[in-house]
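Student: My questions are about this predicted structure, shown below with the sequence.
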Amino acid sequence: MNKIEHIGIAVSDLEAAGSLYEKLLNTTVYKIEEVVTEGVKTAFLQSGPNKIELLEASSADSPIAKFIAKKGEGIHHIAFEVDDIKAEMARLKGEGFVLLNDEPKPGADNKLVCFVHPKTAGGVLVELVQELVPNP
Ligand SMILES: CC[C@H](C(=O)O)C(=O)SCCNC(=O)CCNC(=O)[C@H](O)C(C)(C)COP(=O)(O)OP(=O)(O)OC[C@H]1O[C@@H](n2cnc3c(N)ncnc32)[C@H](O)[C@@H]1OP(=O)(O)O
Ligand SMILES: [Co+2]
């Protein structure tokens with residue numbers, strides 16, 4: 001795990017939350033991207049070396065919809081940058097962590113991602129992210 005790559009925040013209204021975080025962080029949303037496979041619409045802001053990922057549910061069965069219904073808006077997950085997501089997944093499995101997907105899957109912002117079940121990570125939803133290297 002190299003560093004925290006982003007903090008995911010569940011929001012009900014991406015546009016309103018984007019404006020709020022622009023004021024809060026004194027910066028601007030630099031990317032808005034829908035990840036249909038995840039049922040989310042994301043907005044990214046940079047705060048110094050850190051990224052904030054705002055997440056709005058884009059479908060009724062989105063994990064964000066379920067999270068907000070249960071816990072309200074707020075911090076949803078912490079994403080860590082890894083160099084080799086498959087090796088890290090194997091290491092975590094060996095350590096007894098429960099992974100929520102067997103293979104890395106496409107994420108936002110040109111990443112491959114995997115999630116660790118919060119029940120095995122001390123109550124925190126942890127995401128692994130590896131930069132997708134562009135084809136030469
Ligand atoms: C990939 C695009 C983007 C990116 O960065 O590139 C994203 O980050 S997308 C983010 C949205 N996608 C996901 O979150 C995928 C992984 N999440 C899941 O598979 C589910 O949300 C899961 C399994 C974590 C929970 O789903 P479930 O249907 O089991 O919901 P429950 O409410 O029954 O939850 C079970 C249990 O876990 C607790 N929980 C749920 N979500 C979280 C959370 N974000 N942080 C901490 N704990 C969480 C929930 O409270 C339940 O515990 P209990 O004690 O029973 O209340
Ligand atoms: Co994320």
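Tutor: Received it, and whenever you're ready, just let me know what you need. Numbers count the residues shown, from 1 in each chain. Ligands and ions are numbered 1, 2, ... in the order given.

Student: Tell me if the helix ranked longest in the chain is near ligand 1.
Tutor: In the chain, with assignment by DSSP state H, the single longest helix is helix 14-25. No: using CB under 6 Å from any ligand atom, helix 14-25 stays clear of ligand 1, coming no nearer than 13.0 Å. Just so you know, the C-beta spots here come from the backbone N, C-alpha and C atoms, and that holds for glycine as well.

Student: what packs against that helix?
Tutor: Packing contacts for helix 14-25, counted by 3 or more CB pairs under 8 Å, 6 or more residues apart in numbering; DSSP states H and E, involve strand 40-47, strand 50-57.

Student: Report the angle between that helix and strand 40-47.
Tutor: Put simply, helix 14-25 runs at 10 degrees to strand 40-47, going by axes from the mean of the first three to the mean of the last three CA atoms, to 10 degrees.

Student: Mind listing what's buried along helix 14-25?
Tutor: By neighbour count on 16 or more other CB atoms under 10 Å, the buried set for helix 14-25 is 14, 17-18, 21.

Student: moving C-terminal of it, what's the next helix or strand?
Tutor: strand 31-35 (DSSP states H and E).

Student: Many thanks, we can stop here.
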